[in-house]
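1. sequence first, then the predicted structure:
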Amino acid sequence: MKTLRKVRAALIAPIVLALALPALATEEPTPATAEASATPQPEALAATLEPAAATTVAAEPADASVSPSQISADRINAIRANEYFYQSYGKGDPFATLVSGKYEPTGAAELVDLNSASLVGVMWGQDDRFALVEDGDGFGYILRVGDQVRNGRVVSIRKNSLTAQVTLYGISSNVVLKLDNLEE
């Protein structure tokens, strides 16, 4: 219990000093207090409070009179001074959707019809080949081996051609699209 009292006295002494020093500074010096003012006032006041507190006050830094909450408040005010507020007057909403309308999923009707399509280009790399196909309406498609087309599937892609196996009315046939020579 004695150590708890010493700790409490050590914590309370700087607060009492901070409250008492401004009151002592406003008093007019009298001849009796002039002799007392020759010695430092914080140590004298601490000695009158409690002898154990006098040793702890000497070890405390001079900044002990500023509370941690005051330091935190100063830091928060410094941060708030640099705050930026978005002025939205006359500007569009940055979170508004750019696309309007209903979502329409693509289904089997969206598959390319090879009867009205033409092969525009072929690209290949080490691992994969792509065929660029344009249908009669001008829409472009990128097809790989195994992709579905209307009534069938792509079987092979070569340097100048695309081959697909199409089944129509129970009859399977191979449809070959050849690359048009544009150099002619």
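-> Thanks, I have it. This structure is a prediction, so every number in the text was calculated from the model and none was measured.
2. how's this protein carved up into domains?
-> Here the domain parsing of the chain from automatic domain parsing is 2-80, 111-178.
3. could you tell me the least trusted of these?
-> The weakest mean pLDDT among the domains of the chain belongs to domain 2-80, with a mean of 59.
4. now do the strands in the chain.
-> Along the chain, counting by DSSP state E, strands occupy 118-124, 129-134, 140-143, 148-149, 152-157, 161-168, 171-178.
5. now those in CSV, please, with extra columns for mean neighbour count.
-> C-beta coordinates here come from the backbone N, C-alpha and C atoms, glycine included. CSV is the format used below for these (neighbours: other C-beta atoms under 10 Å):
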stretch, mean neighbour count
strand 118-124, 15
strand 129-134, 19
strand 140-143, 16
strand 148-149, 17
strand 152-157, 18
strand 161-168, 17
strand 171-178, 13
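6. between these, which one is closest to residue 71.
-> Each of the strands of the chain was scored for nearness to residue 71 using C-beta to C-beta, and the closest is strand 140-143 (63.2 Å).
7. mind exporting the closest one as CSV, just the C-alpha atoms?
-> Extracted in CSV, the C-alpha atoms of strand 140-143 (Å, rounded to 0.1, in the frame of the first residue of the first chain):
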residue,chain,number,x,y,z
GLY,A,140,-16.0,-9.8,-85.4
TYR,A,141,-15.3,-13.0,-83.5
ILE,A,142,-12.1,-14.6,-82.2
LEU,A,143,-12.3,-18.3,-82.4
